[in-house]
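Visitor: I would like to see how this sequence folds:
(2 chains)
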Amino acid sequence: MRKWSAQFKKWFAEVSDIPEDVVLGVPRLTLIGQFRLSIENYESVLAFSKTELRLALSKGELHIAGDDFVLETILEKEIVLQGQVNDVRFVDN
Amino acid sequence: MKHTFHRAEGYLKAEIIGKDPEKFIRLCMREHVKIWHIVRKNETTLICFIELADSNTLKKWLKASDCRIRILRKAGLPFFMKKIKLRLGITVGFIFFILLLLILSNMVWSIRIDGADVKLETQIRSILKQNHLYEGSLDLFIPDTGHLESALSTKLTKVTWIGVSKEGTTYKVSVVQKKYPKPKSVAGPRNLVATKQAVVQRLFVETGQPVVESDQFVKKGQVLVSGKIGNEKFSRFVSAKGKVVGETWYHSEAQIPLVSHYTLYSGNVYFKYKVKMWQAQIPLWGIKSKPFKQYDRETTKKPIRFLIWKTPFAFIREDYRQKKTVERKLTQKQAIKDAIESSDKKLLDSLPKESKIITSAVDYKKVVNNTLYIRTHQVVNENIAESKAIDVKKETKKMKQKTD
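Guide: Alright, predicted model coming up:
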């Protein structure tokens, strides 16, 4: 049943011109060059250090690695990270 | 990201120290407390900016997340206000100092009066004091210089010209005093001659030989009292002195409207005070937009100065004087009486002081378009004598010729 509704949502997003992240509730990542990354639709901050940021998503985790990280803004739905981004990886647990 | 808007609310720069400082951030997110610019210092410490929240709730979250907080910097309006409160004395002193400077900048420091003698100067100063202008008075309540000039010149009769000017905090009054010529001392032989055509009424002769008699008709320039006395053999010249009263006639014409309209001030005055800031005017006192039905408005504007600068502020005073229109209707009888009175007065002003009007009579009157046209004549008794120097050499020559 759950799978079915996920499929329907995907189909709906394709048919109607509404962006997928709105319909599906999946994160939207915007990377500007290598120095600024904004992530929408995240759940919470799990860990943060100068070289690593771990975020909890609705499904799974997001690991970002790099250098000189600064969490510029934290809002309920959006987080903006500054610093040199080297690696973005989705991890299922 | 710009965070300058947080300045108004107040914020902290703080270190969050603990095993899991991210937990504190998660808590803050959940409670909608803004956090920004988070940097990891070391394994156990995060440096972040945090919005000013209730210290008790903050403590609760810190306990829940098992963290400690170390405040590095406090910024924003609430902290600034607290600082000001702590230094209340200095703040009040500073404000008082600025106010004092402002008052002193708008004060009259000196009044210089040029060209007046001591007596006139004290008189001028007392008149200026009545107009709120004295050393130490505030400039805001002083009428403008034109007003002062007219106030001075109406009250001072000994002055030909008076000018009031303002230079910074100094008022300058320049005066040109009237200089009367010294009355001529009578010296040398003189005749008394007639100033105008008249009938001689009475003669009062102190010195000299009267030449005319009462009821005699004299022309202008005719000798009335001769300065030559004595008989033909022994004669000498004196300065003739005396008064000759002669009867003279004058005609005058007047037009008097039977119905006339006047505007009078009722004496009711309404004051308005305003402060001008750049272009906007802020009323301080007096809100009525139209205090009277009919009025004259007078506005005085005083720019407020600070030390040597003019501030964009100005003090404005508006005086509204109530006006009344009055209609005056005259009957023909009253109009004639008025006309005679006014023409008599006019005549007496133009004649020497001791003149007297014997009779005034109406020659002709007519009313056209509510206007009375009137012609009157007056019979006047006045002194017609005027002294005139005698050319002694000429007279002695004449006499010699006669005797020869």
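Visitor: how about the residues of chain B by chain A?
Guide: Listed as neighbours of chain A in chain B under the rule C-beta under 8 Å from any C-beta of the partner chain: B:1, B:22, B:25-26, B:29, B:32, B:35-40, B:43, B:46, B:48. Where you see a C-beta, it was placed from the backbone N, CA and C, and this is true even at glycine.
Visitor: from those residues, which is closest to B:Lys155?
Guide: Lowest distance from B:Lys155 to those (C-beta to C-beta) belongs to B:Met1, with 73.1 Å.
Visitor: hmm, back to that, so of the residues of chain B next to chain A, which ones are in helices?
Guide: B:22, B:25-26, B:29 (DSSP state H).
Visitor: output the strand ranked longest in chain B as CSV, restricted to C-alpha atoms.
Guide: In chain B, with assignment by DSSP state E, the single longest strand is strand B:309-329. Taking Å, rounded to 0.1, in the frame of the first residue of the first chain, the C-alpha atoms of strand B:309-329 are listed here in CSV:
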residue,chain,number,x,y,z
TRP,B,309,25.2,75.9,12.5
LYS,B,310,21.6,76.3,11.5
THR,B,311,19.6,73.2,12.3
PRO,B,312,16.9,72.1,9.9
PHE,B,313,14.4,72.9,12.7
ALA,B,314,12.6,76.2,13.1
PHE,B,315,10.2,77.6,15.6
ILE,B,316,7.1,79.1,14.1
ARG,B,317,4.6,81.4,15.9
GLU,B,318,1.3,82.3,14.2
ASP,B,319,-0.9,85.1,15.5
TYR,B,320,-4.5,85.1,14.4
ARG,B,321,-6.2,88.5,15.1
GLN,B,322,-9.9,88.5,14.9
LYS,B,323,-11.3,91.1,12.4
LYS,B,324,-14.7,92.6,12.3
THR,B,325,-16.3,94.6,9.5
VAL,B,326,-18.3,97.5,10.7
GLU,B,327,-20.7,99.5,8.7
ARG,B,328,-21.1,103.2,9.6
LYS,B,329,-24.1,105.2,8.5
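Visitor: for that strand, the averaged confidence score.
Guide: Summarised as a single mean, pLDDT over strand B:309-329 is 85.
Visitor: tell me the first helix or strand C-terminal of it.
Guide: Downstream of strand B:309-329, the first helix or strand assigned by DSSP states H and E is helix B:332-350.
Visitor: tell me the first helix or strand C-terminal of that following helix.
Guide: strand B:356-368.
Visitor: orientation of that following strand relative to helix B:332-350 in degrees?
Guide: 140 degrees (axes from the mean of the first three to the mean of the last three C-alpha atoms, to 10 degrees).
Visitor: and the helix or strand that strand B:356-368 is followed by, what's buried?
Guide: Along the chain past strand B:356-368, the next helix or strand (assigned with DSSP H and E) turns out to be strand B:371-383. Across strand B:371-383, burial judged by 16 or more other C-beta atoms under 10 Å in any protein chain shown covers B:372, B:374, B:376, B:378, B:380-383.
Visitor: which of those sits closest to chain A?
Guide: Comparing these against chain A with C-beta to the nearest C-beta places B:Leu372 closest, at 94.6 Å.
Visitor: output the set of residues of chain A in proximity to chain B.
Guide: Near chain B, when you scan chain A using C-beta under 8 Å from any C-beta, you find A:44-50, A:69-74, A:76, A:80.
Visitor: just the CA trace of the worst-scoring helix or strand of chain B on mean pLDDT, in PDB.
Guide: Taking mean pLDDT, DSSP states H and E as the measure, chain B has helix B:392-403 as its least confident helix or strand, at a mean of 74. C-alpha atoms of helix B:392-403 as PDB (Å, rounded to 0.1, in the frame of the first residue of the first chain):
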ATOM      1  CA  VAL B 392      20.500 149.700   8.000                       C
ATOM      2  CA  LYS B 393      22.900 151.300   5.500                       C
ATOM      3  CA  LYS B 394      20.200 151.700   2.900                       C
ATOM      4  CA  GLU B 395      17.800 153.200   5.400                       C
ATOM      5  CA  THR B 396      20.400 155.700   6.700                       C
ATOM      6  CA  LYS B 397      21.200 156.700   3.100                       C
ATOM      7  CA  LYS B 398      17.500 157.200   2.400                       C
ATOM      8  CA  MET B 399      17.200 159.300   5.500                       C
ATOM      9  CA  LYS B 400      20.200 161.400   4.600                       C
ATOM     10  CA  GLN B 401      18.800 162.000   1.200                       C
ATOM     11  CA  LYS B 402      15.500 163.100   2.800                       C
ATOM     12  CA  THR B 403      17.200 165.500   5.200                       C
END
